[in-house]
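Student: sequence-free structure coming up:
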């Protein structure tokens, strides 16, 4: 009887143990599934937030190099160990575009309105000109945005041309007065266009306030911005050097929404400012890193051209961060720079644009780009020398 009871007890204990094991297994499986779910969620969130910025990549690149070399590669380390050269690094630093954009007082062109007396005003009522002139004198007309003013001036020039033609056909003596008004407004057109380029909120955002640096890909509206900037540049030619009345043509500014749409694209993308902010970050960070990294790499031993473990790890860091992450950003930057270069050259020669505005463009699109390119080349040369000495190639690890 006791043996039967013992056997029964053992069977019950075995059952409980099995159930406990199954429960534990289920708990572990549940935790594993939750862990996988968390990992997947984090991965999805990282994908939503996009790639790291160029500043973050430079931080990681510098940190990894510092760890392998067992040497701090920071501003503080540079100041302490290479003080004589710190002035050279400071001199090679370039400014952010937000720091160099001129003030509104330096940019705006004053455009004098037409002075039309009462007799002349009533004499042109048979033309559409009277209505257009009256429109400018309303509360809204006096507070037009630069883009709205350009559209208004375009309409005014077309109406002046048509009115002049009608008055001449009717032998109306006021036709000569209208012709003088047309010449006055034609001469002012470039200044009105320049006010759009220099003082529009959207243009200021696009040319100075990056918001975020450039990425290797997925730069919103970047390609469309190149077209938008060229569209706005083309508006400068709408009435330039056109004297004959019948030479005037309807341009896309007549479509009130088109110019505004192009300006919104520029404000959304902020492509020029992103290019210039990114080249500033790369130049300033690499100029410092080049100074500190050069002697550190020279101290890495590669006897008789045979690579050491440290040299191989350094090559891997260079490949994973500079070649895989930094160079693609630089390549995208260079591509858009050269697409926009003809536009900047045209603006440099445009007399309607102010000297401070053209200086801002020249600083970033010419001077700073040249400095950034030289700094990038110096960094690549530094690594080429090191890898060549250690008989390593900059290939994937």
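Tutor: On my side now, so go ahead. None of these values were measured; they are calculated from a predicted model.

Student: Let me know the pLDDT of the most centrally placed residue in the chain.
Tutor: By C-alpha atoms, centre = their mean, the chain has its centre lying nearest to residue 274, at 2.2 Å. On the pLDDT scale, residue 274 is placed at 96.

Student: With residue 86 instead?
Tutor: Reading off the model, residue 86 has pLDDT 54.

Student: and what of residue 296?
Tutor: Here, the pLDDT recorded for residue 296 equals 93.

Student: Please apply the same query to the one 4 residues further on.
Tutor: Residue 300 carries a pLDDT score of 92 in this model.

Student: Make sure it is actually in contact with residue 308.
Tutor: Yes: Residue 300 sits in contact with residue 308 when judged by C-beta atoms under 8 Å, with a separation of 6.9 Å. C-beta coordinates here come from the backbone N, C-alpha and C atoms, glycine included.

Student: what touches both of those two?
Tutor: Common neighbours of residue 300 and residue 308 (criterion: C-beta atoms under 8 Å, 6 or more residues apart in numbering): residue 390.

Student: before we move on, the earlier item: isn't the residue nearest to the centre of the chain up against residue 219?
Tutor: Yes: using C-beta under 8 Å, residue 274 is in contact with residue 219, at 7.0 Å.

Student: can you list the weak-confidence ranges in the stretch 1-150 of the chain?
Tutor: The model of the stretch 1-150 of the chain has pLDDT under 70 over residues 1-51, 74-91, 137-143.

Student: do the same with the stretch 201-350 of the chain
Tutor: 238-256, 307.

Student: list the contacts for the closest residue in space to residue 64 that isn't next to it in sequence?
Tutor: Among residues not flanking residue 64 along the chain, residue 317 sits closest, at 4.6 Å (C-beta to C-beta, 6 or more residues apart in numbering). Applying C-beta under 8 Å, 6+ apart to residue 317 gives the contacts 61, 64-65, 68.

Student: buried subset of those?
Tutor: Neighbour counting with 16 or more other C-beta atoms under 10 Å marks 61, 64-65, 68 as buried within the contacts of residue 317.

Student: Nearest to residue 332, out of the residues you listed: which one, please.
Tutor: residue 61 (17.6 Å; C-beta to C-beta).

Student: ok, residue 260 - how many residues close by?
Tutor: 15 (other C-beta atoms under 10 Å).

Student: Check which helices and strands the helix or strand harbouring it sits against.
Tutor: Using DSSP states H and E, residue 260 falls within helix 256-269. With contacts taken as 3 or more C-beta pairs under 8 Å, 6 or more residues apart in numbering; DSSP states H and E, helix 256-269 sits against helix 146-169, helix 201-208, helix 222-235.

Student: on that earlier part again, and residue 300 and residue 308? which has more neighbours close in?
Tutor: residue 300 (16 against 13).

Student: residues in contact with that one?
Tutor: By C-beta under 8 Å, 6+ apart, the residues touching residue 300 are 69, 308, 310-311, 314, 386, 390.

Student: Can you tell me what sits against stretch 166-182?
Tutor: The contact list for stretch 166-182 (C-beta under 8 Å, 6+ apart) reads 114, 116, 120, 123-124, 126-127, 129, 157, 160-161, 163-164, 245.

Student: now, which of those residues sits nearest residue 233?
Tutor: Among those, residue 157 lies closest to residue 233 (C-beta to C-beta), at 18.7 Å.

Student: Would you check how far apart the closest one and residue 151 are?
Tutor: As judged by C-beta to C-beta, to the nearest Å, residue 157 and residue 151 stand 11 Å apart.

Student: Those two: who's more crowded?
Tutor: residue 151 (23 against 20).

Student: That one contacts residue 263, doesn't it?
Tutor: No: using C-beta under 8 Å, residue 151 is not in contact with residue 263; the gap is 11.6 Å.

Student: sorry, back to before: taking their axis directions, the helix holding residue 260 and helix 146-169 sit at what angle?
Tutor: Relative orientation of helix 256-269 versus helix 146-169 (axes from the mean of the first three to the mean of the last three C-alpha atoms, to 10 degrees): 160 degrees.

Student: Tell me which residues of helix 256-269 come out buried.
Tutor: 259, 262-263, 265-269.

Student: Can you lay out these as CSV showing distance to residue 345?
Tutor: Shown next, in CSV, are these (distance: C-beta to C-beta, whole Å):
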residue, distance to residue 345
259, 23
262, 21
263, 22
265, 22
266, 19
267, 24
268, 25
269, 21
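
Student: just so I have it, where are all the helices in the stretch 51-200 of the chain?
Tutor: 54-69, 75-81, 83-92, 104-107, 118-123, 129-136, 139-142, 146-169, 175-199 (DSSP state H, counting those that start in this stretch).

Student: how about these, which one is nearest residue 377?
Tutor: Closest among the helices of the stretch 51-200 of the chain, using C-beta to C-beta: helix 83-92, at 12.9 Å.

Student: Can you name the residues that contact residue 113?
Tutor: residue 136.

Student: That one and residue 354, how far apart?
Tutor: 21 Å.

Student: do residue 201 as well
Tutor: Distance from residue 201 to residue 354, by C-beta to C-beta: 17 Å.

Student: Those two: which has the busier surroundings?
Tutor: Taking other C-beta under 10 Å, residue 201 and residue 354 do not tie; residue 354 has more neighbours (18 against 13).

Student: that older thread, what's the helix or strand for the residue nearest to the centre of the chain?
Tutor: Applying DSSP H and E, one finds residue 274 within helix 271-298.

Student: Next, the angle from that helix to helix 256-269.
Tutor: 20 degrees.

Student: from here on, count from 54
Tutor: In the new count, where the first residue is 54, that last one comes out as helix 324-351.

Student: which strands and helices sit next to helix 324-351?
Tutor: Judged by 3+ C-beta pairs under 8 Å, 6+ apart, the packing partners of helix 324-351 are helix 107-122, helix 128-134, helix 136-145, helix 254-261, helix 275-288, helix 380-401, helix 421-442.

Student: Identify whichever of the ones you listed lies nearest to residue 158.
Tutor: Closest among the helices and strands packed on helix 324-351, using C-beta to C-beta: helix 254-261, at 13.7 Å.
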